[in-house]
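Visitor: quick one, fold the following:
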Amino acid sequence: RTPRALGLARALERRGAPVVNSAAATALCQDRTAMAEHARRAGLPFAATRTLATLAELAAGPPLSAPVVIKSRHSRRHDLVARVDGAAPLARLAAAHPREPVVVQDFAPNNGWDHKLWVVGDRLFAALRRSELSPEGRGPTVPLAADALPPGWAALAHRVGEVFALEVYGVDIIDRGDGTALIVDINAFPGARGQAGAPEALAALALSAAATARRRPVTVTAPGSTSLPARPASPA
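Guide: Below is the predicted model of the structure:
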C-alpha cells in the first residue's frame, strides 16, 4: 500500500510480470477522491464525496449542518474513519489530525451493519459486519450467503470490478432501506478472512494469471495516470 511498493509493482508490470490487480487500478482505489470521482462517472451508486486539503481546513469552515463521515483521503492501514455530528467532536478530531488530507461524505442513515462483499475472479463472497461508525462500535463479522444479498447487489459488485479493472477486491455497501445500495468504499487489498473457498479461489486466479501472462497485452500508463488496462475475462 506504500508509494514504494506501487512503484515496484509498476516496474515489474513494465517487464511483463503477471498481476491480478494492476498498479494503476490499485493506486486509484487508494486515493478516495479519485475513486469516488471514477465510480460516480461510471454511474455506480457511490456516496457523494468532497475533499479538503487538511482536516483543520474543514474545522475552520462553515459549521456542519448534518452528521458526516470523515475519512483519510489516502487509504492505508490504520487510516482515519470517523462519524462527526457537530462542531465540538470535529474540533477534537482536527486537533488530533490537523494536517490529514480528508474526504467527507454525508452520513447515510442505516441499520448500523456494513455489507462486506469480496470478489475473487468470478467468485463472490459476502458477510455482515457491524460498522465501526455504529454506537456500539465495530462488531463481529457474520458470514452471508451470496444468494441472500438484496436483488442486484451481486451484479453491482461485479460491475465494480469492470469499472475499476480489478480482479480481487472488496466493496463496502450499506443498505439505505428496501435494499437500496450505497457504496461507501472499494478496496484493492480485501481481507476476506473466514470466507470458505476464498483462499482457494485466490490461488487459482493467481495460477491462471501466471499461465496466461504471455498471451496478455501489457498496457503501460504514464506516471500519475488513472487510465486503466482492460480487465481480463475471468477464467472459466
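
Visitor: could you chop the chain up by domain?
Guide: Listed by automatic domain parsing, the domain ranges of the chain are 3-45+110-215, 50-106.

Visitor: and the first one, how far out from the chain's middle?
Guide: Just to be clear, that refers to domain 3-45+110-215. With CA atoms, centre = their mean, to the nearest Å as the basis, domain 3-45+110-215 stands 6 Å off its chain's centre.

Visitor: tell me the mean pLDDT over it?
Guide: What domain 3-45+110-215 shows for mean pLDDT is 90.

Visitor: against Phe164, how distant is the residue nearest the centre of the chain?
Guide: Nearest to the mean C-alpha position of the chain, counting by CA atoms, centre = their mean, stands Ile186 at 1.4 Å. Using CB to CB, to the nearest Å, one gets 7 Å for the distance from Ile186 to Phe164. Just so you know, the C-beta spots here come from the backbone N, C-alpha and C atoms, and that holds for glycine as well.

Visitor: hey, what's in contact with both of those two?
Guide: Counting by CB atoms under 8 Å, 6 or more residues apart in numbering, the contacts common to Ile186 and Phe164 are Cys29, Met35, Ala39.

Visitor: okay, helices next: where are they in this protein?
Guide: 3-14, 23-30, 32-41, 55-60, 87-96, 153-164, 198-212 (DSSP state H).

Visitor: in TSV: these, plus distance to Gly191.
Guide: Below are these laid out as TSV (distance: least, CB to CB, whole Å):
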stretch	distance to Gly191
helix 3-14	17
helix 23-30	14
helix 32-41	18
helix 55-60	26
helix 87-96	25
helix 153-164	16
helix 198-212	10
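
Visitor: Pro140: which of the ones you listed is closest?
Guide: helix 198-212 (17.7 Å; CB to CB).

Visitor: so which elements touch that closest one?
Guide: In terms of contacts (3 or more CB pairs under 8 Å, 6 or more residues apart in numbering; DSSP states H and E), helix 198-212 is packed against strand 113-120, strand 123-130.

Visitor: CA-only coordinates of it in CSV, if you can.
Guide: Extracted in CSV, the C-alpha atoms of helix 198-212 (Å, rounded to 0.1, in the frame of the first residue of the first chain):
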residue,chain,number,x,y,z
ALA,A,198,-11.7,-17.6,-0.8
PRO,A,199,-8.0,-18.8,-0.4
GLU,A,200,-8.5,-21.5,-3.0
ALA,A,201,-10.2,-19.0,-5.4
LEU,A,202,-7.3,-16.6,-5.0
ALA,A,203,-4.7,-19.3,-5.6
ALA,A,204,-6.5,-20.5,-8.7
LEU,A,205,-6.7,-16.9,-10.0
ALA,A,206,-3.0,-16.3,-9.4
LEU,A,207,-2.1,-19.5,-11.2
SER,A,208,-4.3,-18.6,-14.1
ALA,A,209,-2.8,-15.2,-14.4
ALA,A,210,0.7,-16.6,-14.4
ALA,A,211,-0.2,-19.2,-17.0
THR,A,212,-1.8,-16.7,-19.4
